[in-house]
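> sequence and predicted model, in that order:
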Number of protein chains: 2
Amino acid sequence: MHSETSPVFSACAAALAGPRQPRVWSVIITIFGDLAQAPGDTISGAVLSRITELAGIKPEAQRVALHRLRKDGWIESARVGRLSHHRLTAFGRALSAEATPRIYAERIDPPARWHVLIAGGEEAAREALDAVLLTGDYISVSPQAALGPGPVPEGCADLLSFDTARFGVPDWARERVFPADLRAAYDRLHDALREVAESLGPAPVLAPLEAATLRMLVVHNWRRLVLKHPEVPREFYPEGWSGEACRAEVARILSRVPRPGLEQLDGTDSAA
Amino acid sequence: MHSETSPVFSACAAALAGPRQPRVWSVIITIFGDLAQAPGDTISGAVLSRITELAGIKPEAQRVALHRLRKDGWIESARVGRLSHHRLTAFGRALSAEATPRIYAERIDPPARWHVLIAGGEEAAREALDAVLLTGDYISVSPQAALGPGPVPEGCADLLSFDTARFGVPDWARERVFPADLRAAYDRLHDALREVAESLGPAPVLAPLEAATLRMLVVHNWRRLVLKHPEVPREFYPEGWSGEACRAEVARILSRVPRPGLEQLDGTDSAA
């Protein structure tokens, strides 16, 4: 089906290929987040197919994923004759926009102020703490305590709360946020990103569809890790943690492989 | 053995009599803390016996308690002919001096800055937290978290620590520090202290031994409650808690029943 890819693209894609097939619905969210996050932005079915095809995803898997994303309210699709067009819904755009800064920022400066929430043995307090942890913004620092950014929010009356700006963090607390397998995954990504950077060379020439696919592969691999844990105070970064180096490398690669315009993608082929 | 007591003293002593006999070794510590805390201060066996006798304590119980206090290193005794003299050891004076501000201060201003220590599941961290709670300066706010005054001290590297100065305290956390029976005990003491204040009238006339004994009864009842829990931020005071009112009443009564000099006590009798 698809034309030959450039050696540069092939090398980069090989460096970023993980042991497991990526989850396709998540890949599609990454594509929309990277290329078509603005209201009104649409991606044609043909372009979407070319990108996922370049990433080694089967057409059937894309169909299933799009169906699921429509059902979950992320994506809406329209058909004009034989051509289909897809776009993020308002809900999809909002969730995408929420994650964008943590994924794309070249550098993260964690907030200076944080708060600790503690549940005692009381049922209501433990339920309140569980609800807080579900937001994804909190670090579970012990079975009955959570740390979150900024001042204590409204609605925490059942919890004991403390505002804080100074921390002492022992190794076990770092391990709790960054267990060995997560640290190893960051290390592997860092190696892969350096390989990509090397393969790209100083002035990479990629076709628009290759550029879009490579950006997706970089962002998807990074996003998968960075969204696995909440933002944490620097004091929680493990020694030798490669997370910050990954972030810098992601930003450098994305700046060398600029986002192609949606109009460039339509009607082009994958090869340069 | 002892002469008749004044009606004022009898009324006050009756108001302060609890359902249980006070622990005699603790009573003796209260007496030394109130009358003879300075280095070199001694109390004669005769005076000590008169005071405990006025408080309804049997001579045998005093002998046993003094024996225990000597064994534990609080008190040292000397005998000159048929007369014995007792005084606090350096160790006893140090412990006494440590408790004095919390007992005698007319008003407590809790520190503005506090710190929270959290133990995770790690054995070493839980042991560190247990050790910290044993100092008596910490509030156990949950099974794995403690709140202490001032900045994080040295030697807490195994614990997750946060400096804080702002609290949100739910009812369960107040209950944890001031359970219902402790709040009720404060309420009963408050009633008793008001009865004492009423019985004393505007210009009480008490013999030196009566004054010493009444002071002991007031301080002992108060000390028993106030040293049962650490100092806490105001946010932890339960609604309607009578602890602060008790403190003010204790200070007022003690100022109306001044501490008799040790030389006044020797060779006087209990009646005015």
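Great, that's in hand. Source: prediction; values computed, not measured.

> got any ranges where chain A has weak pLDDT?
Residue ranges of chain A with pLDDT under 70: A:1-3, A:267-272.

> next to chain B, which bits of it? Give me the list.
Chain A has residues A:114, A:116, A:118-122, A:125, A:141-145, A:152, A:156-170, A:172-173, A:176 near chain B, with proximity defined as Cβ under 8 Å from any Cβ of the partner chain. Placement of C-beta: from N, CA and C, glycine included.

> please, a PyMOL command that selects the buried ones among the residues you listed?
The following PyMOL line selects those of these that are buried, judged by 16 or more other Cβ atoms under 10 Å in any protein chain shown:
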select buried, chain A and resi 114+116+118+119+120+122+125+141+142+144+145+152+156+158+159+160+161+162+163+164+166+167+168+169+170+172+173+176
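
> roughly how far apart are A:Val27 and A:Asp137?
25 Å (Cβ to Cβ, to the nearest Å).

> more neighbours: the two, which one.
When neighbours are counted by other Cβ atoms under 10 Å in any protein chain shown, A:Val27 and A:Asp137 differ, and A:Val27 comes out ahead with 21 against 15.

> isn't the more buried one right next to A:Ala55, touching?
Yes: using Cβ atoms under 8 Å, A:Val27 is in contact with A:Ala55, at 6.7 Å.

> who touches both of these two?
Listed as contacting both A:Val27 and A:Ala55 by Cβ atoms under 8 Å, 6 or more residues apart in numbering or on different chains are A:Met216.

> residues in contact with the helix or strand where A:Glu195 lies?
Secondary structure from DSSP states H and E places A:Glu195 in helix A:180-200. In this structure, residues lying in contact with helix A:180-200 by Cβ under 8 Å, 6+ apart are A:8, A:11-12, A:15-16, A:214, A:218, A:221-222, A:225, A:228-229, A:238, A:241-243, A:245-246, A:249-250, A:252-253, A:256-257.

> quick one: classify the residue nearest to the spatial centre of chain A as helix, strand or coil.
By Cα atoms, centre = their mean, the mean C-alpha position of chain A lies nearest to A:Arg223, the distance being 2.2 Å. Under DSSP: H, G, I helix; E, B strand; the rest coil, A:Arg223 falls in the helix class.

> that one is in contact with A:Thr30, isn't it?
Yes: proximity of A:Arg223 to A:Thr30 meets the contact threshold set by Cβ under 8 Å, at 6.2 Å.

> going through the contacts of helix A:180-200, which ones are buried?
Buried, going by 16+ other Cβ under 10 Å: A:8, A:11-12, A:15-16, A:214, A:218, A:221-222, A:238, A:241-243, A:245-246, A:249-250, A:253, A:256-257, out of the contacts of helix A:180-200.

> would you mark the buried spots in the helix holding A:Glu195?
Neighbour counts over helix A:180-200 (16+ other Cβ under 10 Å) mark A:182-183, A:185-190, A:192-193, A:196-197, A:199-200 as buried.

> now A:Gly148: phi and psi?
Backbone torsions of A:Gly148, given as degrees, to the nearest 10, read phi -130, psi 160.

> tally of neighbours for it?
22.

> give me the beta-bridge partners of it?
A:His115 (DSSP bridges).

> how near is it to chain B?
12 Å (Cβ to the nearest Cβ, to the nearest Å).

> these two touch, right, that residue and A:Val141?
No: using Cβ under 8 Å, A:Gly148 makes no contact with A:Val141, being 10.3 Å away.

> quick one: A:Val24 from B:Val141, how far?
Computed as Cβ to Cβ, the A:Val24 to B:Val141 distance reads 46 Å.

> ok, the longest strand seen in chain A: who's next to it in the sheet?
In terms of residue count, the longest strand belonging to chain A (DSSP state E) is strand A:160-168. If you go by DSSP bridges, strand A:160-168 pairs up with strand A:114-118 (antiparallel), strand B:160-168 (antiparallel).

> between those, which one is nearest to B:Gly81?
strand B:160-168 (58.2 Å; Cβ to Cβ).

> quick one: the longest strand of chain A to chain centroid distance?
From the chain centre to the centre of strand A:160-168 is a distance of 29 Å (Cα atoms, centre = their mean, to the nearest Å).

> quick one, helices of the stretch 51-200 of chain A?
A:59-71, A:90-104, A:123-134, A:171-177, A:180-200 (DSSP state H, counting those that start in this stretch).

> got these as a markdown table, with distance to B:Ala61 columns?
Below are these laid out as a markdown table (distance: least, Cβ to Cβ, whole Å):
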| stretch | distance to B:Ala61 |
| --- | --- |
| helix A:59-71 | 80 |
| helix A:90-104 | 70 |
| helix A:123-134 | 46 |
| helix A:171-177 | 50 |
| helix A:180-200 | 62 |
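
> any idea which of those helices gets closest to B:Gly73?
Checked against Cβ to Cβ, the stretch from the helices of the stretch 51-200 of chain A lying closest is helix A:171-177, at 38.4 Å.

> hang on, the earlier thing: return the subset of the contacts of helix A:180-200 lying in helices.
Among these, the residues falling in helices (DSSP state H) are A:8, A:11-12, A:15-16, A:214, A:218, A:221-222, A:225, A:243, A:245-246, A:249-250, A:252-253, A:256.

> A:Ser255: what's it in contact with?
Contacts for A:Ser255 (Cβ under 8 Å, 6+ apart) come out as none.

> so what's A:Ala245 up against?
A:His190.

> A:Glu239 versus that one, what's the distance?
Distance of A:Ala245 to A:Glu239, given as Cβ to Cβ: 13 Å.

> and A:Gln21, by the same measure?
Distance, A:Gln21 to A:Glu239, using Cβ to Cβ: 33 Å.

> those two - which one has more neighbours?
A direct count of neighbours by other Cβ under 10 Å for A:Gln21 and A:Glu239 places A:Gln21 higher, at 13 against 7.

> follow-up on the earlier one: and the helices of the stretch 51-200 of chain A: which comes nearest B:Val205?
Nearest to B:Val205, of all the helices of the stretch 51-200 of chain A, is helix A:123-134, at 54.7 Å by Cβ to Cβ.

> picking up where we left off before, quick check: the gap between the residue lying closest to the residue nearest to the centre of chain A once chain neighbours are set aside and A:Val132.
Here the nearest residue to A:Arg223 in space, its sequence neighbours aside, is A:Ile103; by Cβ to Cβ, 6 or more residues apart in numbering or on different chains that works out to 5.1 Å. Noted for A:Ile103: a distance of 23 Å to A:Val132, by Cβ to Cβ.

> A:Glu76 now?
32 Å.

> okay, these two: which has more neighbours?
Neighbour tally, A:Glu76 and A:Val132, criterion other Cβ under 10 Å: the higher count belongs to A:Val132, 19 against 16.

> what sits against the more buried one?
Contacts for A:Val132 (Cβ under 8 Å, 6+ apart) come out as A:117, A:138, A:146, A:148, A:156, A:159.

> let's see 7 Å
With contacts defined as Cβ atoms under 7 Å, 6 or more residues apart in numbering or on different chains, the neighbours of A:Val132 are A:117, A:138, A:146.

> any chance of the residues you listed in JSON lines, with neighbour count too?
As requested, the contacts of A:Val132 are arranged in JSON lines below (neighbours: other Cβ atoms under 10 Å in any protein chain shown):
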{"residue": "A:Leu117", "neighbour count": "25"}
{"residue": "A:Tyr138", "neighbour count": "20"}
{"residue": "A:Ala146", "neighbour count": "22"}
